[in-house]
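K.L.:
Okay, here's the prediction I keep looking at, along with the sequence it came from:
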Amino acid sequence: MGWIGRFWRAVAVALLAAAALAPLAHARGRVVTVSPNADGVNDVVRFKVRLDSPGPVTLVVARLQPPRTVATRRFDGHSGVNTLAWSPRKDLPARTYATRIRFRRDGSPVAVDGPLVRVQMIDAAFTRTRYRPGATAHLVVRTDAARLTLEVFRAGARGLRTDRDAAAIGLRVAPPRAVRPGTIALRVGAWPSGLYLARLTADDGRACFAPLVVGASWARNARNRVAVVLPTNTWQAYNFYDADADGLGDTWYSRWSQPARLGRPYGGVGLPPHFHEYDLPFLRWFADRGFHADFLTDDDLDGSTGVALARSYDLLVFPGHHEYVTRRAYDAVEGFRDRGGNLAFLSADNFGWQVRKVGPTMRRIAQWRRLRRPEAALIGVQYRGSDRGQHRGSFVVRDVAGAPWLFADTRLKRGMHFGGGFGIEVDSTTAASPPTTRVIAEIPNLIGPGISAQMTYYETPRGAKVFAAGAFTLGGSRDGVVLRLLDNLWKHLSQP
């Protein structure tokens, strides 16, 4: 990992070495904020270094997680105080970067860790993950832009267009309005339950999104018998947004010992990680089919029980990568299944880890299988391995009779292939899988001998029907046959 990986071990030394540098312009402590939008305000970071004699000076800028150098600038220094300037590219992702200055003193090479540089664009997040129609949502916006335009789109609904940053939006449900940074009040309209994206656009063209889940209406006759559960815990676990500006994302994927901070904006353009691959295609399919469902978050599961879920729904759909759940959520979903509720898991590596939420933080506790509650006992399969997508494959039909309704109107028979590009992470059956579990399709030996992705289905004596895809991800597929399978799955499992 080189000097980037050793950065934190050298903090104490770096603080002493930094005395060789004059104070940085616009600096507060050891963090400098820059916004490269050509408005003449904080567009450039300036460093000062004193040289005893003329010689080369090198400025290195790098991100810490994952480690990578993003800029190198070389200067011909003169005796005395030199000013080095760095203006980030306009397309450089908004995050916190480490800096290092290299030069020679008394003939010997010197390397000084400079301040962290925070590249700011537009940061925005709602104060809650879900609101009901008619409620007032609060959107917290931080940026140096003086004026912004706010729009709200229903993600996945038709009317889609693509921004220059390749972030797909949806059907606009609220007219554009001018706003200023700070806390913005947004009234949630009589919108169908679903995932919505607030888009903020500055006059200089910068734009970002903030996701908002709209729940069910309070009206009794507006209730749906199907609920789609979005993986909001997992979204934040994989969110590398650096709220405390220490150079690393506030999640255990940056440092294993730290918790994930909840309520943060999402990095990049403000969308959940892998949104275009894992989430948006499912939302498009859902909207195109004209389906109706209550959209829930992990917070909703935390506040529910198996009895309450069974009273309200016949089917819970988990369309994305739902890796992290609390004990209360696991209990609620298991209780729902035990009362005859149907489950559909359209991706892989679900319910793998127990997490605990305390205030604004979420900590990873342990794998459920190590807590003697293996996820295969609930889902039918559990996480087996990952190769980060190096190998992808198509499913091979193994057991049409195990779920004949799933293959209706597809012409698929035993041994035939369907779909393509599945993998990344894979699930397989274990000894803990319910005894009625059938492997209806699989991608054999996808990431090594015996490590196969298995698509499964089982039923319980109480009438619950449980389907698991076993790989990333049915919900993200655009294949016609796979879409037919999803149609059949929704139709069959949405029936009590």
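P.N.:
Received it, and whenever you're ready, just let me know what you need. Numbers count the residues shown, from 1 in each chain.
K.L.:
now L343: how far from N350?
P.N.:
10 Å (C-beta to C-beta, to the nearest Å). Every C-beta, even on glycine, is put in place using the N, C-alpha and C of the backbone.
K.L.:
Hmm, T473 and V482 touching each other?
P.N.:
No: with contacts counted by C-beta atoms under 8 Å, V482 stays clear of T473, the gap being 10.1 Å.
K.L.:
ok, L343 and N350, which is more surrounded?
P.N.:
Between L343 and N350, N350 has the larger neighbour count (other C-beta atoms under 10 Å), namely 28 against 23.
K.L.:
In contact with the more buried one, which residues?
P.N.:
F318, H321, H322, E323, E375, I379, D427, A468 (C-beta atoms under 8 Å, 6 or more residues apart in numbering).
K.L.:
For those residues, could you give me a markdown table that also reports distance to A135 and pLDDT?
P.N.:
Formatted as a markdown table, those follow (distance: C-beta to C-beta, whole Å; pLDDT from 0 to 100):
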| residue | distance to A135 | pLDDT |
| --- | --- | --- |
| F318 | 25 | 98 |
| H321 | 28 | 92 |
| H322 | 25 | 96 |
| E323 | 29 | 97 |
| E375 | 34 | 97 |
| I379 | 33 | 98 |
| D427 | 37 | 96 |
| A468 | 34 | 98 |
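K.L.:
In strands only, show me these.
P.N.:
F318, D427, A468 (DSSP state E).
K.L.:
Just the buried ones from those residues?
P.N.:
F318, D427, A468 (16 or more other C-beta atoms under 10 Å).
K.L.:
The first one pairs with what?
P.N.:
According to DSSP bridges, the partner residues bridging F318 are F345.
K.L.:
just R438 next, same as before
P.N.:
With DSSP bridges as the rule, R438 is bridged to Y457.
K.L.:
Tell me, how many residues neighbour it?
P.N.:
Neighbours of R438 using other C-beta under 10 Å come to 18.
K.L.:
pretty sure it contacts T456?
P.N.:
Yes: contact criterion C-beta under 8 Å: R438 and T456 qualify, at 6.4 Å.
K.L.:
Tabulate the ones in strands among the contacts of N350 (a markdown table), appending distance to F209.
P.N.:
Shown next, in a markdown table, are the ones in strands among the contacts of N350 (distance: C-beta to C-beta, whole Å):
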| residue | distance to F209 |
| --- | --- |
| F318 | 23 |
| D427 | 30 |
| A468 | 30 |
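K.L.:
between those residues, which is closest to W368?
P.N.:
Distance to W368, by C-beta to C-beta, is smallest for D427 among the ones in strands among the contacts of N350, at 13.3 Å.
K.L.:
which residues touch the closest one?
P.N.:
D427 neighbours (C-beta under 8 Å, 6+ apart): 348-350, 379, 381-384, 453-454, 468, 470-471.
K.L.:
Just the buried residues from those residues, in PyMOL please.
P.N.:
With 16+ other C-beta under 10 Å as the criterion, this PyMOL line picks the buried residues out of the contacts of D427:
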select buried, resi 348+349+350+379+381+382+383+384+453+454+468+470+471
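K.L.:
so of the contacts of D427, which ones are in helices?
P.N.:
Residues of these located in helices (DSSP state H): I379.
K.L.:
For F153, state which of the contacts of D427 is nearest.
P.N.:
Closest to F153, out of all of these and judged by C-beta to C-beta, is N350, at 27.7 Å.
K.L.:
what are the pairing partners of the helix or strand hosting F418, and which direction each?
P.N.:
Secondary structure from DSSP states H and E places F418 in strand 417-428. According to DSSP bridges, strand 417-428 forms sheet pairs with strand 382-386 (antiparallel), strand 392-397 (antiparallel), strand 471-472 (antiparallel).
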